[in-house]
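**Q** structure for the following, please:
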Amino acid sequence: MALLNIFDDAAFSAIELSDAISVVPNSYGRLGELGLFTPKPVRTDKVAVESKNGVLTILPQTQRGGPATQNTRAKRDLKSFVIPNFALEDTILPDDIQGIRAFGSETELDGVMSFTNDRLAEMSGKHDITEEWLRAGALRGTVLDSDASEILNMFTAFGVSEKEVFFDLSTDTTDVGGKCEEVVDHIETNLLGDVMTGVRALCSRAFFKAFIAHPKVREAYIYQQGQNVLRNDLRKGFEFQGITFEVYRGQATDAAGNVRQFIADNDVRFFPEGTSQTFRTYYAPADMMAFVNTPGQRRYASLEPIDHDRGMNVHTQVNPLPICLRPAVLVRGDLAAS
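**A** Sure thing, here's the model as predicted:
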């Protein structure tokens, strides 16, 4: 059996490989674990988001039999966003699978499939960390490319300003509880009809260290440590004034070797949890003929033979756009005074 014939098997079709790469265990990190972003497949490389702002008005008294107050209708606003494409390619050469192939072997196909799946898993990990980076950007209000160039600024797109709260953690008398209440009140006000189960804060290490060391916070932190002696690390969840604070260490390198921190030093990012309409990840279909006009999937993969049976090119891609549809609920905190 020739190598090319192996990859001609239906098991190596774009559809089957895309299904295979989709079941590779996720390794994208904390934001994936939190499950904030509801997946929403779409059939095109663009997504249109319609917002409808209802107007609640106190009605004036009217005379019986007289003219009624005219209803003020909600305004509709349609916004269109392009879904980015992230493609990755690798090559499988004959030497890579030498020793797997054996003439007349019944396990030959399984061996090549296993090797291919290992390569897909390695490539999938890079897509995972990319999607984690995009989701972190959505929680900051600005989705960025790997070089930190802007893909989508949600504050600009929806015409809102970013809320910032400066905690002034170097001052012992700072009302930290009041700062937290300011954050929660702002988020609740700007949910605009959505609901939440709580507020979470993803902290840089510097912010978290200064936060738990503050006299107004330290007593509560020590108390929770005493009440949770079986917990290994309270950095994954420390509750204070209705907010769950945790350290978020997300970072990765770009193609040039630059380290990208998902949350900047001294920063903390606040957002609501348990919402139903606020966070989405839109998935577009791959730019492959087999998937034209089909609902987008999380992962895609395909193989293509190299001329003269010299190996196979492996192509993977993802087409996600994580977005916060109510960016006013995103709050940036800083340990500084201003």
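**Q** just checking, Asn266 touches Arg332?
**A** No: under the criterion of C-beta atoms under 8 Å, Asn266 makes no contact with Arg332, lying 10.6 Å away. (Glycine included, C-beta is placed from N, CA and C.)
**Q** remind me which residues of this structure are low pLDDT?
**A** Flagging of the chain using pLDDT under 70 yields the residue ranges 1-12, 20-28, 52-62, 72-76, 99-110, 226-236.
**Q** which residue lies nearest the spatial centre of it?
**A** Most central in the chain under C-alpha atoms, centre = their mean is Arg135, positioned 2.3 Å from the mean C-alpha point.
**Q** hang on, isn't that residue packed against Leu34?
**A** No: using C-beta under 8 Å, Arg135 is not in contact with Leu34; the gap is 9.1 Å.
**Q** list the buried ones in stretch 291-298?
**A** For stretch 291-298, a neighbour-count test (16 or more other C-beta atoms under 10 Å) marks Phe291, Gly296, Gln297, Arg298 as buried.
**Q** now, which of those lie within helices?
**A** Judged by DSSP state H, the buried residues of stretch 291-298 include no members of helices.
**Q** out of these, who's nearest Asp77?
**A** Checking the buried residues of stretch 291-298 against Asp77 by C-beta to C-beta gives Gly296 as the nearest, at 24.1 Å.
**Q** grab the nearest non-local neighbour of that closest one.
**A** Leaving aside its chain neighbours, Gly296 sits nearest to Tyr283 (3.3 Å; criterion: C-beta to C-beta, 6 or more residues apart in numbering).
**Q** and for Glu304?
**A** Of all residues not flanking Glu304 in the chain, Asn313 sits nearest, at 4.7 Å (C-beta to C-beta, 6+ apart).
**Q** how about Pro84?
**A** Ile151 (5.7 Å).
**Q** let me know the next secondary structure element after the helix or strand that neighbour falls within.
**A** According to DSSP states H and E, Ile151 maps onto strand 150-153. Counting by DSSP H and E, the next helix or strand C-terminal to strand 150-153 is helix 154-158.
**Q** which other helices and strands does that next one contact?
**A** Here helix 154-158 touches strand 75-82, strand 142-144, going by 3 or more C-beta pairs under 8 Å, 6 or more residues apart in numbering; DSSP states H and E.
**Q** related to what we said a few turns ago, who touches the residue nearest to Pro84 in this structure?
**A** Applying C-beta atoms under 8 Å, 6 or more residues apart in numbering, we find Ile151 in contact with Pro84, Leu134, Gly137, Val143, Leu144, Asp145.
**Q** I'd guess the second one is in a strand, am I close?
**A** If I follow you right, that is Leu134. No: assigned with DSSP: H, G, I helix; E, B strand; the rest coil, Leu134 falls outside any strand and is helix.
**Q** count of residues packed around it?
**A** 26 (other C-beta atoms under 10 Å).
**Q** residues contacting Leu34?
**A** Contacts of Leu34 (C-beta under 8 Å, 6+ apart): Arg200, Glu273.
**Q** and it, how close does it get to Asp95?
**A** 42 Å (C-beta to C-beta, to the nearest Å).
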